[in-house]
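In: Could you look at this predicted model? Sequence included:
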Amino acid sequence: MFPKILKLTYLDGYRLQLTFQNGESGELDLHDDIVGAGGVFAPLEDLDYFAQVQVNHETGTIVWPNGVDFDPIVLYLETVHPSEAKTFTDLVLECTSRQGTSYLYPKMANTSCCRCCRLKVDSEYDFC
């Protein structure tokens, strides 16, 4: 299981410092994910609004007043293991697993097993 976000600090621009429940932390720049994305992300282009980001401790992710949030797994990978992360849209795809709704992750760092449950897979994606 990927760790949840415990703490965040707004740095500047679209940059945040995130600290996860396992003690790992790092900086994350969301500029490319927000600027020009439009839709629900449009208000976040205003840096004063962007700076209103908070941690939702129930879900373990970050959220803005308009309800926009990002998957905590993606945030963890982008922040702590950027060499293993893909784009936000490519990384998290919903699927059905043996335990109900779970996630489908593109393979990362040439692994041949699922990141969260370590099941061996032989496809382009890792199933949890």
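Out: Noted; the coordinates are in hand. Numbering: from 1, shown residues only.
In: Please count neighbours and contacts with C-alpha atoms only from this point.
Out: Fine.
In: And the helices in the chain, which stretches?
Out: Here the chain has its helices, by DSSP state H, at 31-34, 47-50, 72-80, 88-91.
In: End to end on stretch 9-25, go ahead and measure it.
Out: 11 Å (Cα to Cα, to the nearest Å).
In: Now do the same contact list for the residue lying closest to Leu11 once chain neighbours are set aside.
Out: Leaving aside its sequence neighbours, Leu11 sits nearest to Gln17 (Cα to Cα, 6 or more residues apart in numbering; 6.7 Å). Gln17 is in contact with Leu8, Thr9, Tyr10, Leu11, Ser25, Gly26, Glu27, Leu28, counting by Cα atoms under 8 Å, 6 or more residues apart in numbering.
In: The nearest residue to the first one once chain neighbours are set aside: neighbour count?
Out: Yep, that's Leu8 we're talking about. In space, and not counting its chain neighbours, Leu8 is closest to Leu18: 4.6 Å by Cα to Cα, 6+ apart. Neighbourhood size, Leu18 [other Cα atoms under 10 Å]: 24.
In: pLDDT value on Leu18, please?
Out: pLDDT recorded at Leu18 is 96.
In: Please apply the same query to Thr101.
Out: Looking at Thr101, the pLDDT reads 42.
In: go on, Val63?
Out: Val63 is given a pLDDT of 95.
In: Please name the residues that touch His31.
Out: Listed by Cα under 8 Å, 6+ apart, the contact set of His31 reads Gly13, Tyr14, Arg15.
In: wait, the first one sits on Asp46?
Out: No. Here Gly13 lies out of contact with Asp46, judged by Cα atoms under 8 Å, at a distance of 9.5 Å.
In: By mean pLDDT, flag the weakest helix or strand of the protein.
Out: Sorting the helices and strands of the chain by mean pLDDT, DSSP states H and E puts strand 93-97 at the bottom, at a mean of 36.
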